[in-house]
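**Student:** Predicted coordinates and the sequence they were generated for:
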Amino acid sequence: MVQDFDRTLVRAQAIAAEHSDRVRWEEVIPYSRTKFVALARSLVSGWAERDIESLFLPFDGHRTPSEQAKLFLKRPRVTNARPWQSPHNWGCAVDFVAFTADGWSWDANEDWDGLGSYAAAHGLTQPIKWDRPHIEDPGAWTIIRPLAGLR
Ligand SMILES: [Zn+2]
């Protein structure tokens with residue numbers, strides 16, 4: 001069971017600031033960055049206002065091809081995407097993970113549907129059923145996919 005903790009906006013913003021260096025925002029393409037930053041802010045205030053049950057923070061953004069290669073080889077498998085095949089490699093995807101009093105949580109009980117709704121409100125999608133933290137920008141990825149050699 002995931003423990004709850006102080007839900008004030010000030011506390012939520014402090015937690016978010018403490019963990020703000022996980023994503024290299026300058027490597028997220030500007031077109032998508034605006035949406036992801038707005039999403040990150042609204043997830044923090046939404047949690048403080050009890051509109052969403054979990055506090056979701058940005059966990060992973062742009063990945064270099066070599067970072068993607070390392071992730072691809074990880075077991076148990078965490079991604080099917082080889083270098084250049086993930087929208088993360090093109091700076092148009094960010095993973096959001098729940099942060100709890102016990103630390104980062106991928107627990108199925110976290111409010112992943114809420115994360116999807118917040119993403120949709122910012123023009124972003126949560127397209128992978130088995131990878132709920134994964135949020136991508138369909139506006140950018142639709143254009144980039146063919147450039148990446150993907151259909
Ligand atoms: Zn992802």
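**Tutor:** That came through fine. Nothing here was measured: the structure is a model prediction, and the numbers come from that model.
**Student:** what helices or strands is the helix or strand hosting A98 leaning on?
**Tutor:** Using DSSP states H and E, A98 sits in strand 93-100. Contact partners of strand 93-100 among helices and strands, from 3 or more Cβ pairs under 8 Å, 6 or more residues apart in numbering; DSSP states H and E: helix 30-48, strand 56-60, strand 103-105, strand 134-136. In short, each C-beta sits where N, CA and C put it, glycine included.
**Student:** Residues touching the second one, excluding its own?
**Tutor:** The contact list for strand 56-60 (Cβ atoms under 8 Å, 6 or more residues apart in numbering) reads 15-16, 19-20, 22-23, 36, 40, 43-44, 47, 88, 94-99, 104, 110-111, 115, 118, 133.
**Student:** If F96 is in a bridge, with which residues?
**Tutor:** Beta-bridge partners recorded for F96 (DSSP bridges): P58.
**Student:** still on that earlier bit, just the helices and strands packed on strand 93-100: most buried one?
**Tutor:** With neighbours taken as mean count of other Cβ atoms under 10 Å, the helices and strands packed on strand 93-100 reach their highest mean count in strand 134-136, at a mean of 25.
**Student:** buried set for the helix or strand following that strand?
**Tutor:** Moving toward the C-terminus from strand 134-136, the next helix or strand (DSSP H and E) is helix 138-147. Residues 140-141, 144 are the ones in helix 138-147 that count as buried (16 or more other Cβ atoms under 10 Å).
**Student:** mind listing what the residue most central in space within the chain touches?
**Tutor:** Residue closest to the mean C-alpha point of the chain, counted by Cα atoms, centre = their mean, is D95 at 2.1 Å. Going by Cβ under 8 Å, 6+ apart, D95 touches 58-61, 88, 133-135.
**Student:** Return only those of these found close to the ion.
**Tutor:** H134 (Cβ under 5 Å from the ion).
**Student:** for the contacts of D95, which one is nearest F72?
**Tutor:** Closest to F72 out of those is H88 (11.4 Å), distances taken as Cβ to Cβ.
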